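A.B. asks: When you get a sec, could you give me coordinates for this:
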Amino acid sequence: MITRQQVIIEQHGRPDVMRVVSSPLPEPPSLELTVKVHAAGVNFADIMARQGLYPDAPPLPMVVGYEVAGDVIAIGANVDPSWLGKRVVGMTRFGGYSSHVNVPLDQMFEIPPSLDYQKAASIPVAYGTAYALVVAMGNLKKHETILIQNAGGGVGLAILDIARHIGATTIGTASAQKHAFLLARGLDHAVDYRQADWSDQVMTLTDRRGVALITDPLGGESWRKAGKLLRSTGRLGMFGISAASDSGLLGKFKLIKTAIQMPFFHPVGLMNSNHGAFGVNMGHMWHEPELIRLWMDEILQGVAAGWVRPHVDKVFTFAEAAQAHTYIEQRQNIGKVLLVP
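C.D. replies: Now for the predicted structure:
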């Protein structure tokens, strides 16, 4: 039996509640693989789970983590032996902050030869979410304009890659120090969300017509403002409530405040304004492995074609997990943050 290292959260709170522990890993069940993890993605859902603000989180003590990349070192019954030794990447239903993990076969994919483990681990959640927002549900077209809120985050960069591949015009909000990177990466227009008139800047860039698609991970008041920036037939894609993020009582207060500020989308109002609103939560897609596989196959083809370009901002060890969470909470990252055993 393998002894694995895991980053465990024993209680809700600030980043320092996490610690590294050892525990035995059972043999892989039928139709599962044992993966020796080389890199694990850190996502905002992990942070909110640690803060006690994520309703889907497992009970305490818990190990979070939605995506890993590594090597297959064991297989369960009914798995083709050819999987042994393969480099793989995929999604985990929590438990990703582990040196070794058992994962269902239908959630894993071979890593393209051009990718290392760290770039591969940057793909499943960010690009899967981005694909759902932009293609599957957002239906972005070449002649349209997209507004990418938090364009410097892991999902934001993935959205930018997909939107550029489609040929749409891209506007992204980010703090000013991230603008040079985003423009060099191909963003058409960068807007500083910290400026009071940022929404007016967006309208000016679109000749006062508004944008066709907005992707927004913030929640609350941000979603309310987004409705005013949509042109006719515009769509708002929501995929998080990071505005509520904080630990302890402050986090609970911010969650309530964010909920109160959320807009109410009435069908008649949407109909009369010719607007659409939808949400994406990859953590609620476990019952759709065939759909995820279709998306991931196209994304991995994009790696080979060169238009999918995962960007790793910073890598932390398991022992530095608290620093990784703090780095994201302080909005310092441009792209993906990873943990390595």
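
A.B. asks: for the helix or strand hosting Gly302, which positions count as buried?
C.D. replies: Using DSSP states H and E, Gly302 sits within helix 289-305. By 16 or more other CB atoms under 10 Å, the buried positions in helix 289-305 come out as Ile292, Trp295, Met296, Ile299, Leu300, Gly302, Val303. In this view, the C-beta of every residue, glycine as well, is placed from N, C-alpha and C.

A.B. asks: which neighbours does the next helix-or-strand element following that helix have in its sheet, and in what orientation?
C.D. replies: Remark: after helix 289-305, the chain's next helix or strand is strand 312-317, criterion DSSP H and E. For strand 312-317, the pairing partners within the sheet under DSSP bridges are strand 336-340 (parallel).

A.B. asks: Put the alpha carbons of the strand it pairs with into PDB.
C.D. replies: C-alpha atoms of strand 336-340 as PDB (Å, rounded to 0.1, in the frame of the first residue of the first chain):
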ATOM      1  CA  LYS A 336      -2.200  29.500 -12.800                       C
ATOM      2  CA  VAL A 337      -0.900  28.700  -9.400                       C
ATOM      3  CA  LEU A 338       0.200  25.100  -8.700                       C
ATOM      4  CA  LEU A 339       1.200  22.900  -5.800                       C
ATOM      5  CA  VAL A 340       3.900  20.200  -6.200                       C
END
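
A.B. asks: Run through who's touching that strand.
C.D. replies: 7, 38-42, 65, 97, 118, 121-122, 126, 154, 157, 310-318, 320-321, 324, 327-328 (CB atoms under 8 Å, 6 or more residues apart in numbering).

A.B. asks: hmm, 6 Å instead?
C.D. replies: 39-40, 42, 118, 121-122, 154, 312-318, 321, 324, 328 (CB atoms under 6 Å, 6 or more residues apart in numbering).

A.B. asks: Of the residues you listed, select the buried ones using a ChimeraX command.
C.D. replies: Buried subset of those, written as a ChimeraX selection, criterion 16+ other CB under 10 Å:
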select :39,40,42,118,121,122,154,312,313,314,315,316,318,321,324,328
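
A.B. asks: Look up phi and psi at Val211.
C.D. replies: Main-chain dihedrals, Val211, degrees, to the nearest 10: phi -110, psi 160.

A.B. asks: same question, the one 3 residues further on
C.D. replies: In this entry, Ile214 is assigned phi and psi values of phi -120, psi 130 (degrees, to the nearest 10).

A.B. asks: Show me the beta-bridge partners of it.
C.D. replies: Leu147, Leu236.

A.B. asks: Kindly report the same for Thr173.
C.D. replies: Val191.

A.B. asks: Gln332 versus that one, what's the distance?
C.D. replies: 16 Å (CB to CB, to the nearest Å).

A.B. asks: ok, the two, which is more surrounded?
C.D. replies: Thr173 (28 against 15; other CB atoms under 10 Å).

A.B. asks: my guess is that one meets Tyr193, correct?
C.D. replies: Yes - if you go by CB atoms under 6 Å, Thr173 and Tyr193 touch, sitting 4.1 Å apart.

A.B. asks: where do the contact lists of those two overlap?
C.D. replies: Joint contacts of Thr173 and Tyr193 (CB under 6 Å, 6+ apart) do not exist.

A.B. asks: Give me the buried positions along the helix or strand harbouring Thr204.
C.D. replies: Assigned by DSSP H and E, Thr204 falls within helix 198-205. Residues of helix 198-205 classed as buried: Ser199, Gln201, Val202, Met203, Leu205 (neighbour count, 16+ other CB under 10 Å).

A.B. asks: Out of those, which is nearest to Ile166?
C.D. replies: Nearest to Ile166 among the buried residues of helix 198-205 is Leu205, at 18.3 Å by CB to CB.

A.B. asks: before we move on, the earlier item: could the buried residues of helix 289-305 go into CSV alongside distance to Met1 and pLDDT?
C.D. replies: CSV is the format used below for those (distance: CB to CB, whole Å; pLDDT from 0 to 100):
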residue, distance to Met1, pLDDT
Ile292, 30, 95
Trp295, 35, 97
Met296, 31, 97
Ile299, 35, 98
Leu300, 33, 96
Gly302, 39, 98
Val303, 35, 97
